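Enquirer: any chance you could fold what I've pasted below:
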Amino acid sequence: MIVVTVQSIYFQCSKALVRSELWNPEKHISRKDLPSTGTILAEVTTGLINGEQYDRDYPERLRTTIY
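Expert: Predicted structure coming up:
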């Protein structure tokens, strides 16, 4: 989970979204260059969650809990 605190919103500026090039595939980061969910959870919980175990268990957890 990521908590974001917003101080200001400029909702009238749709150009900012266009300028961000969010949909430009040349600006995308490869998934393999990003940390896994388990790695992130291990970091934010300072090791309380075993990230490697979380990643190993993910396929089964997804299969049994997605619906």
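Enquirer: switch to C-alpha atoms for all contacts and neighbour counts from now on
Expert: OK.
Enquirer: low-confidence ranges, this protein, go.
Expert: Across the chain, the stretches falling below the confidence threshold (pLDDT under 70) are 11-12.
Enquirer: what's the burial count for the closest residue in space to G38 that isn't next to it in sequence?
Expert: For G38, the nearest residue in space outside its immediate sequence neighbours is G51; the separation is 3.7 Å by C-alpha to C-alpha, 6 or more residues apart in numbering. Neighbours of G51 under the rule other C-alpha atoms under 10 Å: 19.
Enquirer: so G51 sits right up against T37, yeah?
Expert: Yes: counting by C-alpha atoms under 8 Å, G51 touches T37, with 7.5 Å between them.
Enquirer: the lengthiest helix in the chain: which residues count as buried?
Expert: Ranked by residue count, the top helix of the chain under DSSP state H comes out as helix 51-65. Counting neighbours by 16 or more other C-alpha atoms under 10 Å, one finds that the buried residues in helix 51-65 are 51, 54.
Enquirer: mind listing residues that contact that helix?
Expert: With contacts defined as C-alpha atoms under 8 Å, 6 or more residues apart in numbering, helix 51-65 is touched by 36-42.
Enquirer: if we go to 7 Å?
Expert: Helix 51-65 is contacted from outside by 37-39, 41-42, using C-alpha atoms under 7 Å, 6 or more residues apart in numbering.
Enquirer: before we move on, back to that, now the residue nearest to G38: how far from R31?
Expert: Using C-alpha to C-alpha, to the nearest Å, one gets 17 Å for the distance from G51 to R31.
Enquirer: ok, L41 to P35 distance?
Expert: Computed with C-alpha to C-alpha, the distance linking L41 and P35 is 10 Å.
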